[in-house]
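*Asks:* from the sequence below, what's the structure:
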Amino acid sequence: MLFYDAHARPTSSSRLELCTEWRDIDLAVITVAGDVDAANTHQLLDYTLGKVLLSRRMILDLSRVGFFASEGYWMLKTLEARCAVAEIEFTVVPGALVGRMLQICRRADQHFS
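*Replies:* Residues are numbered from 1 along each chain as shown. Have a look, this model is predicted:
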């Protein structure tokens, strides 16, 4: 049984679409489309944290993201930490563009740590 909770959430500087599909009673798959930038990372974090409260497992699908700023990396680190504290299984599906940016940010994070 699948449940959909679709939301189009435009921001002031860019378009961001968020959609949640409940694949099981405790599995939320959140699909993100558009641009993830400094103007909307807090909105994306708030949206995903709202779904974490309702799930035990979460998949964040970023494969349809057209732009991914470094702020998105820090948002993912925050989300990952909060999921770990709440014992939520968290998986990111990055896609090629987001995957490349995550590699760059991880290297920089390790370099400056």
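*Asks:* all the strands of the protein, in order from the start?
*Replies:* Here the chain has its strands, by DSSP state E, at 3-8, 16-24, 27-36, 57-68, 89-93.
*Asks:* could those go into CSV alongside mean pLDDT and distance to Cys105?
*Replies:* Every C-beta, even on glycine, is put in place using the N, C-alpha and C of the backbone. Below are the strands of the chain laid out as CSV (pLDDT from 0 to 100; distance: least, Cβ to Cβ, whole Å):
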stretch, mean pLDDT, distance to Cys105
strand 3-8, 50, 26
strand 16-24, 94, 19
strand 27-36, 96, 12
strand 57-68, 96, 9
strand 89-93, 97, 13
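*Asks:* pick the most deeply packed of those.
*Replies:* Each of those was scored by mean neighbour count; the highest is strand 27-36, a mean of 20, by mean count of other Cβ atoms under 10 Å.
*Asks:* now for it, which elements pack on it?
*Replies:* Secondary-structure packing of strand 27-36 (3 or more Cβ pairs under 8 Å, 6 or more residues apart in numbering; DSSP states H and E): strand 16-24, helix 41-52, strand 57-68, helix 70-85.
*Asks:* kindly recompute the last result at 7 Å.
*Replies:* Packing contacts for strand 27-36, counted by 3 or more Cβ pairs under 7 Å, 6 or more residues apart in numbering; DSSP states H and E, involve strand 16-24, helix 41-52, strand 57-68.
*Asks:* need the strands of the chain in CSV with distance to Asp109, can you?
*Replies:* Formatted as CSV, the strands of the chain follow (distance: least, Cβ to Cβ, whole Å):
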stretch, distance to Asp109
strand 3-8, 30
strand 16-24, 24
strand 27-36, 17
strand 57-68, 15
strand 89-93, 15
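*Asks:* so which of the ones you listed is nearest Ile104?
*Replies:* Proximity to Ile104, assessed across these by Cβ to Cβ, is greatest for strand 57-68 (10.2 Å).
*Asks:* check contacts around the most centrally placed residue in the chain.
*Replies:* Central residue of the chain (Cα atoms, centre = their mean): Leu60, 4.9 Å from the mean position. Counting by Cβ atoms under 7 Å, 6 or more residues apart in numbering, Leu60 touches 30, 32, 48, 92.
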